[in-house]
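Asker: fold the following.
(chains A and B)
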Amino acid sequence: MTFTLENFQALLPLLITCATTIFVMLAIAIKRNHWWNATVTVIGLNIALLSSYYALKVIPQTITPLFVVDGFSLFFSGLIIIAALGTATLTNAYIESFKRNREEMYLLITIATSGGIVLSFSHHMASLFIGLEMMSIALYGMVAYTYDRARSLEAAIKYLVLSATASAIMLFGIALIYAQIGSLSFSEIGAGITQEPSLLIVVGGMMLVIGLFFKLSLAPFHLWTPDVYEGAPAPVGAFLATAAKVAVFAVLVRFAILESKNVLASTPFVITLIVVACISMMVGNLLALKQNNIKRMLGYSSIAHFGYLLLLVLVGGQKFGIEGFAVYLAIYVMTSLAAFGVVTLMSHADGKRDADMLNDYRGLFWRRPYLASIFTLALFSLAGIPLTAGFIGKFYVITAAVGAGFWGWIGLIFVVLGSSIGIYFYLRTIISLFLAKKHMHRFDAEINWGQRTGGIMVLGAAAFILVIGIIPNPLMFIAQLTQLVWVAQ
Amino acid sequence: MLTWLILIPFIGGLLSWQAERFGNKAPRWIALFSMILLFACTLNLWLKYDYSLANLSAGQSVWAEEFRVNWIPRFGISFHLALDGLSILMLLLTAFLGVLAVVCSWSEVQRKVGFFHLNLLWILGAVAGVFLAMDMFLFFFFWEMMLIPMYFLISLWGHKSVEGKGRVEAATKFFIYTQSSGLLLLLAIIGLVFVHYMQTDVLTFNYTDLRNTHMSASLEMILMLGFFIAFAVKFPVVPFHSWLPDAHSQAPTAGSVDLAGILLKTAAYGMLRFAIPFFPNASQEIAPLAMWLGVAGIIYGAFVAYSQDDIKRMIAYTSISHMGFVLIGIYSFNQIAMQGVVVQMLAHGISAAGLFIISGQLYERLKTRDLNKMGGLSSRLSGIPPIAMFFAAASLGLPGLGNFVGEFLILVGVFKVDMVVALFATSGLVLGAVYSLILVQRSLHGAAQSNEPLAGINARELTMMLSLIFILVWLGLYPQPVLDTSAAVMESIGQLITSSQSIPAAQ
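Answerer: Sure, this is the predicted structure:
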């Protein structure tokens, strides 16, 4: 097929992100300067984000059988780019004191971001796999970036081995599905899944879904999450929790809801989804209870959050379903960026470890009141307390589930149980920020953290949490973009 | 105007937080000033309108004052505040106890004064929001919002209890109890909204619209239970009460005053305003159970109060006992009893606040709240013992004071509805006398533990106490203005129940 100008216009966010990778590589080759290389990255990503606006004018369209550009994919690619921008700015402050080469981190961030955008554009198993691997392989490098720390290296190897296994299982699943249906495009596979699918499709579909669940760290495929979150440098943790998961979730939603309406009518898949969602809510919240490590706690918390989101998949397609994902994920991304942002601002890449123990934060409020307030806000938002954006997300989940009959109510029981348990560990973390400290603190943010790029990003995320928590209308308006969906004829 | 009632505490709180950099005095004065301003505003609103007008005319509510703007149109949510006889009385109580809470922590709180007043004022702002909100989403928003500053108040400025349990644990327990019951409330609210949506195709969280929702009996029961349990936890009704003694005994004085005086009343208000009008039939079905739970609360609270050593835990259990009367009164649906409920809520708010402030003052002087270490205090300090006697007498329901009027009206009303319940509830008065007198006996009389005299009452404390005493006496001798204010609202709730009774009869 021939490419038209409109095709290029629609693909602009992806093309510009890829171009940014090349520019950063050239920039590093020309002059190895941290500030200058980071600036090139941030400018490139910003242009990619702005170009979404031009891409919006020519949607919806499909470009080759691999890609589809519509409101849904542009919303999620925008979200991924924002998460990448957040990671890049946080990295800037964090890695300043790193003794080895600092600049390649930005290269890895842009590669992983391109992978994420490919995922959010894909409606074909081939592009799904390409995007997933492009993102994952860059992530291995990012997790291991501070390889002087044993934990960082350990986390990367663990992630590499497990993730590769998951990818292999997924690939096998795709092959089985192809053997039965003879096509790799989502819509044709979707048309082939009937109410009671053949064994080959069930097995293949399950293997595919397991691969996706692994990347989303849903229980019982979550075992890598706490270790990798703990070992990865804090800004990379932010990327893992946000961009990496948003991209995979976008592709899951496109496959399960947008292009194959039968998946949610097929009993084996529905049961898998509800079981995994409920287990994730419980496991995520229960395992976080006694956690003294903030990064691990955030890891478990993300397991629970994706449990809520999976429930939304199950009851989605209702009136607020698709919009619900968009709102929930946008809020989750900003909240996680704020939470990991605080951890990042407290830590430095040349330390023996990051400031990730609960003890490191004791009495932070009396030393850095605004930073601690932001952390409090982020944790309340994760717990879904009103006045923060997290409550709006939870409100969407509950509203969608209440109107969804039996499965919705089963899920709701777990939502109530899970969030009641969850409050305990969020409160535990919050209150330690306010308690008087007992010993000298080893970690502290710089006194002028608010004026540095990472600090400004964290302040922005906090403002988002507060403003959207009170006036959610703008976010809801943008989220309705996701209803502009390309439909297979 | 109504918006300002909510904004004054919020802005005042932020200002006093920032004012800490000008020393410890500045936050206190700013907080005091904003509370007095709030009180003046509510007083003005009370005198300005005639609340005896009928609240319900043809199914539509009539408000003294109303304010409404769209908030989240996507879900039919609006920022809707409204004022009627019930809310203005609760607001008066809130603002008055708000002033007292600031004054009573004047010397008690010395650490992090600015942040303390931020939390204190935000609780009051959120409570004012609860009493004004007429949109279910907005109501829930404020309902949850008041927990966060309360949590900080208990966990950061609290005391260790006599048994040595930590204040953070108590605060966490309080938060988890109320938060998870709040989730049930949210589920029930959204369920109600969806039922309404399916019938009318209008998605709205507006109070007056939702009141006209029709639903099947079993659905009504399920949704009603969601509301009822959420309010019962906050109330607290006996099986859900265990957070209250812990929270009270660990909270600072101002926290206890807010908790007993205002926060518990939000639950009673929620039942009167939402649970009964939304679900009149199901409420009637559950009424006998609710009344017996009230009786259980009265007797259980009284007995457990008797055996406490920690003076604040003791007062907390008496609160459970007194709130039992309120629960019985609400679910008797009798006009007289419901009027009694209003008086009882105000009187209990004032008398419990008085007792908590006294125990705070004793704690400042003795550094203990253990009754075993008190005794013979009337010989050691001047001023406080007679006032303590007064509030203990109020708590046992001495005629001539507000509590007596409330309990008497409730019992008279309940007697007409269910004689057995009234009979058992009356035992609360006897038991009330027992625990009040034992409180006086153990703290004030008997042999003194030492002869060293303690600091007497000072002018600030005396003014506080005299104002509380004045109101209690006024409520006891001339409760008519209060009764007039709430009569119309209570009548409309009563009508709702009688009209729902007549529907099955007509069929």
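Asker: find the nearest non-adjacent residue to B:Trp157, please.
Answerer: In this structure, B:Trp157 finds its nearest non-sequential neighbour in B:Pro252, 4.3 Å apart by CB to CB, 6 or more residues apart in numbering or on different chains. Yep, even glycine has a C-beta here, placed from its N, CA and C like the rest.
Asker: kindly report the same for B:Phe139.
Answerer: B:Ala133 is the one closest to B:Phe139 (CB to CB, 6+ apart), at 4.0 Å.
Asker: hang on, isn't the one you found packed against B:Glu144?
Answerer: No - in this structure B:Ala133 lies outside contact range of B:Glu144 using CB atoms under 8 Å: 11.9 Å.
Asker: list the contacts of B:Ile8.
Answerer: Contact partners of B:Ile8, counting by CB atoms under 8 Å, 6 or more residues apart in numbering or on different chains, are B:34, B:37-38, B:41, B:125.
Asker: just the C-alpha atoms of the helix or strand where it lies, please, in CSV.
Answerer: Under the criterion of DSSP states H and E, B:Ile8 resides in helix B:2-18. Taking C-alpha atoms only, helix B:2-18 is exported to CSV below (Å, rounded to 0.1, in the frame of the first residue of the first chain):
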residue,chain,number,x,y,z
LEU,B,2,-24.1,29.3,52.6
THR,B,3,-20.8,28.8,50.7
TRP,B,4,-19.1,31.1,53.1
LEU,B,5,-20.2,28.9,56.0
ILE,B,6,-17.9,26.3,54.5
LEU,B,7,-15.2,28.6,53.2
ILE,B,8,-14.7,30.5,56.4
PRO,B,9,-13.2,27.5,58.3
PHE,B,10,-11.2,26.3,55.3
ILE,B,11,-9.6,29.7,54.6
GLY,B,12,-9.2,30.3,58.4
GLY,B,13,-7.4,27.0,58.6
LEU,B,14,-5.0,27.8,55.8
LEU,B,15,-4.3,31.2,57.2
SER,B,16,-3.5,29.9,60.7
TRP,B,17,-1.3,27.2,59.3
GLN,B,18,0.8,29.9,57.5
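Asker: so is the following helix or strand past that helix next to chain A?
Answerer: Counting by DSSP H and E, the next helix or strand C-terminal to helix B:2-18 is helix B:25-48. No - judged by CB under 8 Å from any CB of the partner chain, helix B:25-48 stays clear of chain A, getting no closer than 14.6 Å.
Asker: got the buried residues for helix B:25-48?
Answerer: Using 16 or more other CB atoms under 10 Å in any protein chain shown as the test for burial, helix B:25-48 gives B:26-28, B:30-32, B:34-35, B:37-39, B:41-42, B:45-46.
Asker: ok, of those residues, which one's closest to chain A?
Answerer: B:Pro27 (14.6 Å; CB to the nearest CB).
Asker: now render the contacts of B:Ile8 as CSV, adding pLDDT.
Answerer: Listed next are the contacts of B:Ile8 as CSV, based on pLDDT from 0 to 100:
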residue, pLDDT
B:Ser34, 94
B:Leu37, 95
B:Leu38, 94
B:Cys41, 93
B:Gly125, 94
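Asker: point me to the residue of the stretch 301-450 of chain A nearest chain B.
Answerer: Counting by CB to the nearest CB, the stretch 301-450 of chain A gets nearest to chain B through A:Ser420 (3.7 Å).
Asker: now do the same contact list for that residue.
Answerer: Here A:Ser420 is in contact with B:176, B:179-180, B:183 (CB under 8 Å, 6+ apart).
Asker: again, only using 10 Å
Answerer: Neighbouring residues of A:Ser420 by CB atoms under 10 Å, 6 or more residues apart in numbering or on different chains: A:285, B:176-177, B:179-184.
Asker: in ChimeraX, how would I select the buried members of these?
Answerer: Buried subset of the contacts of A:Ser420, written as a ChimeraX selection, criterion 16+ other CB under 10 Å:
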select /A:285 /B:176,177,179,180,181,182,183,184
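Asker: and the residue nearest to B:Phe139, what are its bridge partners?
Answerer: In this structure, B:Ala133 bridges to B:Leu81 when assessed by DSSP bridges.
Asker: quick check: it touching B:Met146?
Answerer: No - taking CB atoms under 10 Å as the definition, B:Ala133 is not a contact partner of B:Met146, at 11.8 Å.
Asker: tell me which element A:Phe414 is part of?
Answerer: Per DSSP H and E, A:Phe414 falls inside helix A:405-434.
Asker: go ahead and measure how far that helix is from the middle of the chain.
Answerer: 20 Å (CA atoms, centre = their mean, to the nearest Å).
Asker: for it, what is the average pLDDT?
Answerer: Mean pLDDT, computed over helix A:405-434, is 89.
Asker: tell me which stretches of the stretch 101-250 of chain A form helices.
Answerer: Assigned by DSSP state H, counting those that start in this stretch, the helices in the stretch 101-250 of chain A fall at A:104-121, A:125-143, A:150-181, A:186-192, A:199-215, A:224-231, A:234-241, A:243-253.
Asker: hey, which of those is tucked in deepest?
Answerer: Highest mean neighbour count of those: helix A:234-241, a mean of 30 (counted as mean count of other CB atoms under 10 Å in any protein chain shown).
Asker: packing partners of that one?
Answerer: helix A:71-95, helix A:104-121, helix A:125-143, helix A:150-181, helix A:224-231, helix A:294-315, helix A:321-346 (3 or more CB pairs under 10 Å, 6 or more residues apart in numbering or on different chains; DSSP states H and E).
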